[in-house]
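K.L.:
coordinates for the following, if possible.
(2 chains)
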Protein chains: 2
Amino acid sequence: MTDIARIEAAAGRLEGHVRRTPLLSAPGIDRIAGRRILVKAECLQITGSFKARGAWSAISALEPEARARGILAYSSGNHAQGIAWAAAAHGVPAVIVMPSDAPGAKIAGTKSYGAEVVTYDRATEVREDIGRVIAAERGMTLIPPYDHPDVIAGQGTVGLEIAAQAQEAGIAAADVLICCGGGGLSAGIALALAAKAPDLRPRTVEPMGFDDTARSLAAGKPLRNAHLSGSICDAILTPEPGTLTFPILHRYAGPGLTVTDAEACEAMALAFRHLKIVVEPGGAVALAAALFRGEGIPGEAIIAVASGGNVDGGFYAETVAGA
Amino acid sequence: MTDIARIEAAAGRLEGHVRRTPLLSAPGIDRIAGRRILVKAECLQITGSFKARGAWSAISALEPEARARGILAYSSGNHAQGIAWAAAAHGVPAVIVMPSDAPGAKIAGTKSYGAEVVTYDRATEVREDIGRVIAAERGMTLIPPYDHPDVIAGQGTVGLEIAAQAQEAGIAAADVLICCGGGGLSAGIALALAAKAPDLRPRTVEPMGFDDTARSLAAGKPLRNAHLSGSICDAILTPEPGTLTFPILHRYAGPGLTVTDAEACEAMALAFRHLKIVVEPGGAVALAAALFRGEGIPGEAIIAVASGGNVDGGFYAETVAGA
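P.N.:
Presented below is the predicted three-dimensional model:
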């Protein structure tokens, strides 16, 4: 089970290995939103996304014998790079199961850390099944992308930082918008804020049509998405909320928000122009909600997590060319 | 005269108004350079460049009566935005004299802070002359982009932060590469490092063909550039070293480095891919030198300042499309 003690223990193990990312702002962004927007820039995290935290947290918590046999992970790309980096830094092998349609930058990034990459077809194969087979064959430890207590604890360190940085910025109360796939980041932040800054209210943000968490939170029970692909927000397309993450979100977070792919792209372009950070589509949905879905968000300030920046140059070029 | 006391006084006035920008790194960048590269990401500074520091420093140091009459500045764009922002934040008017061929993003950004923009032809008019006329007519205080003790002191706060952050990163000695136009940033950092971290050695970096500072440092006297335009590095094309800045650089900095425009573009693309920061051409020359001119740089680590990120979307798209 993940609780605040586990998150603080993870923070101790992460110290000196991951970055305390800045809480950025820009007058141009505030002007568009009509209030203060603070962006927790996890795209500036090592490996280009918050996933480095959960990966380091989980790998560093393993027994040395298990760790030495290596790590297996399945991921659309950001968890892949987090695990590949953290495994290499611990001096142990890693095998990553990635969808064959993952962005080239993510596959190349994962390989660059020295990991072995196995690809699968997102439409016809189940990554969990492939992962379990390899883990059994090679004696590797499977570290799933969100349904793991130490992964959630690692992502929760983002919440510890937001609590401290919001206080430094003079923000006592605000909605905290979090890009949500399986819910590891959202659940970790929700737990941290509940313990450290209960007036910072965590809310999930998802792409339209892939809003399993928003619908599940509204229904009070886990619901699945109708489709498994069809949005540019590759990092956060998951079939349903996690077994460990959903109960946490149900207790501490919501209601969930949704944005269109076009809104995510516009948020990427505005982050380019005003904040000078590179954000990928799935990492931009929270900022998009802050900018374009403000009618449902109370208060004088919003904190939005920019969760990752691993995006292909060609796609990014199309997105920012007019900015 | 600018000295460490003046820089520390500026740091006190800047507290809470500008950002302590992060010192970023990425395994992919280190791999290319063959050693540790740390990037001081001043592109993440408010207004998208370090110029906000010098602008705030100079405006906040003015007598209230003078400040109330307004601020005038001439600038290719980053000092313009810094002054426009700092003047607006102090509640006083600003007029900015900008070259007509400045990037649209910089002109639009300057206007967005509420400043009045006057354009001039870089090839046929002298911005200093235009500035002096407007200053005299309207009673405004001219704050030049680099030859001003409090501007240099404000930019020097980057050096205070580098000294502290290098120590946090465990780096005792390294060359510190600084994008150099008129030399305000370089001189400020050089003064701060001489006082706080003398084993961090400041070196200027300029675009090939506009290396007035490198040649001047080598000659021991100020030399002019043959041309005033013809590089994509618009932010750092100045005719000659500053009157106040050159003596400081002559004493504390060098030898200067130069890079090609193509190397600056490649550094922009690598910063996009590995660091997730948006860097403009003139802001990328120091990173370019760290990556591609390493043969002349000793040591196990290099610190490179990414001084700004105000670049048009269309140009940026062309630069990163293949990354």
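K.L.:
for the residue of the stretch 51-200 of chain A at minimum distance from chain B, which non-adjacent residue is spatially closest?
P.N.:
As assessed by Cβ to the nearest Cβ, chain B sits closest to residue A:112 within the stretch 51-200 of chain A, at 6.0 Å. For every residue, glycine as well, the C-beta is placed using N, CA and C. Spatially, and ignoring its direct neighbours in sequence, residue A:112 is nearest to residue B:28 (6.0 Å; Cβ to Cβ, 6 or more residues apart in numbering or on different chains).
K.L.:
in three-state terms, label the one you found for me.
P.N.:
Reduced to three states with DSSP: H, G, I helix; E, B strand; the rest coil, the structure at residue B:28 is helix.
K.L.:
thinking again about what came up before, tell me the contacts of the residue of the stretch 51-200 of chain A closest to chain B?
P.N.:
With contacts defined as Cβ atoms under 8 Å, 6 or more residues apart in numbering or on different chains, the neighbours of residue A:112 are B:27, B:28, B:31.
K.L.:
is it true that the second one touches residue B:271?
P.N.:
Read that as residue B:28. No: with contact defined as Cβ atoms under 8 Å, residue B:28 does not count as touching residue B:271 (10.5 Å).
K.L.:
could you pull out the strands for chain A?
P.N.:
If DSSP state E is used as the criterion, the strands of chain A fall at A:23-24, A:36-41, A:71-74, A:94-99, A:116-120, A:141-142, A:174-179, A:200-207, A:257-259, A:301-306.
K.L.:
ok, back up a step: from residue A:102, how far out is the residue of the stretch 51-200 of chain A closest to chain B?
P.N.:
When Cβ to Cβ, to the nearest Å is the yardstick, residue A:112 and residue A:102 sit 14 Å from each other.
K.L.:
what's the separation between the residue of the stretch 51-200 of chain A closest to chain B and residue B:29?
P.N.:
Counting by Cβ to Cβ, the gap from residue A:112 to residue B:29 is 11 Å.
K.L.:
identify the residue spatially nearest to the closest residue to chain B within the stretch 1-150 of chain A, adjacent ones excluded.
P.N.:
When scored by Cβ to the nearest Cβ, the stretch 1-150 of chain A has residue A:43 as its residue closest to chain B, at 4.5 Å. Leaving aside its sequence neighbours, residue A:43 sits nearest to residue A:309 (Cβ to Cβ, 6+ apart; 3.1 Å).
K.L.:
and what of residue A:285?
P.N.:
Spatial nearest neighbour of residue A:285, excluding adjacent residues (Cβ to Cβ, 6+ apart): residue A:205 at 4.6 Å.
K.L.:
first-to-last residue distance for stretch A:137-156?
P.N.:
The first residue of stretch A:137-156 is 32 Å away from its last residue (Cα to Cα, to the nearest Å).
K.L.:
how about it: buried residues?
P.N.:
Taking 16 or more other Cβ atoms under 10 Å in any protein chain shown as the basis for neighbour counts, the residues of stretch A:137-156 that come out buried are A:140-156.
K.L.:
how far out from the middle of the chain is it?
P.N.:
Here the centre of stretch A:137-156 is set off from its chain's centre by 14 Å, with Cα atoms, centre = their mean, to the nearest Å.
K.L.:
check stretch A:50-64 too.
P.N.:
For stretch A:50-64, the distance from its own C-alpha centre to the chain's C-alpha centre is 15 Å (Cα atoms, centre = their mean).
K.L.:
what do you get for stretch A:6-25?
P.N.:
Relative to the centre of its chain, stretch A:6-25 is centred 14 Å away, using Cα atoms, centre = their mean.
K.L.:
show me what counts as buried in it.
P.N.:
Within stretch A:6-25, the residues that count as buried by 16+ other Cβ under 10 Å are A:6-8, A:10-11, A:13-14, A:18-19, A:21-25.
K.L.:
near chain B at all, it?
P.N.:
Yes: judged by Cβ under 8 Å from any Cβ of the partner chain, stretch A:6-25 and chain B are in contact via A:19, A:21, A:22, A:24, A:25.
K.L.:
make JSON lines out of those and add distance to residue A:167 and pLDDT.
P.N.:
Rendered in JSON lines, the data for those read as follows (distance: Cβ to Cβ, whole Å; pLDDT from 0 to 100):
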{"residue": "A:19", "distance to residue A:167": "19", "pLDDT": "96"}
{"residue": "A:21", "distance to residue A:167": "16", "pLDDT": "98"}
{"residue": "A:22", "distance to residue A:167": "15", "pLDDT": "97"}
{"residue": "A:24", "distance to residue A:167": "17", "pLDDT": "98"}
{"residue": "A:25", "distance to residue A:167": "15", "pLDDT": "97"}
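K.L.:
picking up where we left off before, among the buried residues of stretch A:137-156, which are in helices?
P.N.:
Secondary structure of the buried residues of stretch A:137-156 is defined by DSSP state H; positions in helices are A:149, A:150, A:151, A:152, A:153, A:154, A:155, A:156.
K.L.:
redo those as a markdown table? Include distance to residue A:289 and pLDDT.
P.N.:
Listed next are these as a markdown table, based on distance: Cβ to Cβ, whole Å; pLDDT from 0 to 100:
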| residue | distance to residue A:289 | pLDDT |
| --- | --- | --- |
| A:149 | 28 | 98 |
| A:150 | 29 | 98 |
| A:151 | 24 | 98 |
| A:152 | 22 | 98 |
| A:153 | 26 | 98 |
| A:154 | 24 | 98 |
| A:155 | 19 | 98 |
| A:156 | 21 | 98 |
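K.L.:
farthest-apart pair in the residues you listed, please.
P.N.:
Among those, the pair separated by the greatest distance (Cβ to Cβ) is A:149 and A:155, at 11.1 Å.
K.L.:
quick revisit: for the residue of the stretch 1-150 of chain A closest to chain B, list the residues it contacts.
P.N.:
When contacts are counted by Cβ under 8 Å, 6+ apart, residue A:43 touches A:49, A:277, A:278, A:279, A:280, A:283, A:306, A:307, A:308, A:309, B:276.
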